[in-house]
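K.L.:
A structural model of the following input is requested.
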Amino acid sequence: MNPFRQLLRAAGGQVPLGTWIMSGSPIVAEAVGHAGFDWAVLDMEHSALDVAGVLAMLQALGSTRMVPLVRVPWNEPVVVKRVLDAGALTVLFPFVQTADEARAAVAATRYPPAGVRGMAGMSRATRFGTDPDYLRLANQKVGVVVQLESRLALQNLEAIAAEPGVDALFIGPADLSADMGHGGHTIHPKVIEAMADAVHRAKAVGKPIGTLGLAPPQVVRYRALGFDFIALSSDLGLLIHGARDTLFDLQSQGGDNRVHSLHGGTVTE
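P.N.:
Here you go, the predicted model:
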C-alpha cells in the first residue's frame with residue numbers, strides 16, 4: 001500500500017536509484033521525475049522548501065513514476081502532521097540516534113491510539129474528504145525511513161531497526177564523516193568501513209538500508225557494499241555539473257575564451 005515499500009519489494013535484485021530535490025521548484029522536480037529516477041527526497045532540512053512547497057512538489061510528481069519521500073527538518077510531530085496532510089506517504093527523519101527517537105518518529109506518523117498524529121478530514125491526503133478509507137488505513141499506508149548520521153546512531157542500529165513502523169534505515173555519509181572527525185570526506189576509509197559494517201548489520205536483522213552518493217563512482221561503490229537503495233546527487237547538483245561540463249566542453253573546443261574552473265565553481269570573463 002505504501003509506494004516506497006512496494007518499490008523496495010519489487011526491486012528484484014536491482015538497487016532503486018533516487019536523487020535529492022533541493023531546488024524547491026515543482027517544474028524542476030517534475031522534469032527530474034521524468035528522467036528515470038525511481039525515487040527522490042523532497043528536502044525540507046537543507047533547503048528553503050516549506051509545507052506549501054511540499055504540496056506543490058507532490059502535485060508535480062504525481063504525473064511521474066518517481067516515488068517521493070519528504071525529509072522533514074527535524075523529528076518533530078507538528079511539521080510531520082502537516083506534510084502528511086499535504087499528501088506525503090513516506091517521511092524521512094534526519095539524525096535519529098536512539099530507539100526512543102525512532103519510536104517518536106513513528107508515533108508522529110500514526111493516528112491514536114498508535115501515535116500522536118492529529119486527525120483532519122478535509123486535507124489533500126484524504127482527497128479533501130472524499131476518500132472514506134484514508135483515516136482507517138493511514139497508519140498502515142504511511143512509511144517511515146530514519147537517518148543514521150552519527151557513531152551513536154550506528155551503535156544503536158539494531159535497536160532502531162527493531163522499532164515497529166520503521167521501514168528502512170538511511171546512512172547520511174556527510175554528517176557521519178563529520179562525527180567521525182573526517183568532515184566532508186565521505187569516502188574516507190574509516191567512514192566506508194563504518195558504512196559497510198552498518199549494511200552487514202542491517203541485513204542481519206532484515207531491514208533495508210540506503211545512502212547517498214555524490215557522483216556515479218561513489219554510487220557504484222555503495223552498490224558493491226550492498227546498500228538496498230541509493231540516491232545520486234541532487235537536482236541542483238545535476239544542474240550545476242551539467243552547466244559547468246557544457247561550458248568546459250565549449251572552452252575545450254575553442255568556442256569560448258572564458259576561464260572555467262570545474263572545481264572552484266566559478267566562471268569569470
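K.L.:
Would you agree Pro164 falls within a helix?
P.N.:
No: counting by DSSP: H, G, I helix; E, B strand; the rest coil, one finds Pro164 to be coil, located in no helix.
K.L.:
quick one, strands of this protein?
P.N.:
17-21, 39-43, 67-71, 90-93, 143-148, 168-171, 209-213, 229-234, 259-260, 267-268 (DSSP state E).
K.L.:
Nearest to Met1, out of those?
P.N.:
strand 143-148 (9.4 Å; Cβ to Cβ). Yep, even glycine has a C-beta here, placed from its N, CA and C like the rest.
K.L.:
Please name every helix or strand in contact with that closest one.
P.N.:
helix 3-9, strand 90-93, helix 99-108, helix 157-161, strand 168-171 (3 or more Cβ pairs under 8 Å, 6 or more residues apart in numbering; DSSP states H and E).
K.L.:
which residues sit in contact with Ser150?
P.N.:
Phe95, Gln97, Asp175, Leu176, Asp179 (Cβ atoms under 8 Å, 6 or more residues apart in numbering).
K.L.:
Isn't Asp179 up against Glu149?
P.N.:
Yes: using Cβ atoms under 8 Å, Asp179 is in contact with Glu149, at 7.1 Å.
K.L.:
So which of the two has more stuff around it?
P.N.:
More neighbours surround Glu149 than the other of Asp179 and Glu149, with 22 against 18 (other Cβ atoms under 10 Å).
K.L.:
Can you tell me how far that one is from Met44?
P.N.:
Taking Cβ to Cβ, to the nearest Å as the measure, Glu149 falls 16 Å from Met44.
K.L.:
Same check on Thr211?
P.N.:
In terms of Cβ to Cβ, Thr211 sits 19 Å off from Met44.
K.L.:
Could you do Lys203 as well?
P.N.:
Using Cβ to Cβ, one gets 30 Å for the distance from Lys203 to Met44.
K.L.:
More neighbours: which of these two?
P.N.:
The residue with more neighbours, out of Lys203 and Met44, is Met44; 23 against 13, by other Cβ under 10 Å.
K.L.:
Hmm, Met57 and that one touching each other?
P.N.:
No: Met44 is beyond contact range of Met57, at 10.2 Å (criterion: Cβ under 8 Å).
K.L.:
For my notes, please list the contacts of Ser150 in JSON lines and give distance to Ala11 for each entry.
P.N.:
Shown next, in JSON lines, are those (distance: Cβ to Cβ, whole Å):
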{"residue": "Phe95", "distance to Ala11": "26"}
{"residue": "Gln97", "distance to Ala11": "28"}
{"residue": "Asp175", "distance to Ala11": "26"}
{"residue": "Leu176", "distance to Ala11": "24"}
{"residue": "Asp179", "distance to Ala11": "30"}
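K.L.:
so who does Met57 touch?
P.N.:
With the criterion set at Cβ under 8 Å, 6+ apart, Met57 makes contact with Ile21, Gly24, Pro26, Ala29, Leu42, Leu49, Pro68.
K.L.:
how close does it sit to Ala196?
P.N.:
For Met57, the distance to Ala196 (Cβ to Cβ) stands at 33 Å.
K.L.:
Give me the helices and strands touching the lengthiest helix in the chain, please.
P.N.:
Ranked by number of residues, the top helix in the chain under DSSP state H is helix 235-252. Helices and strands touching helix 235-252, by 3+ Cβ pairs under 8 Å, 6+ apart, are strand 17-21, helix 26-33, strand 259-260.
K.L.:
now Ala104, nearest residue through space, not along the chain?
P.N.:
Distance criterion Cβ to Cβ, 6 or more residues apart in numbering; nearest residue to Ala104, sequence neighbours excluded, is Asn75 at 6.1 Å.
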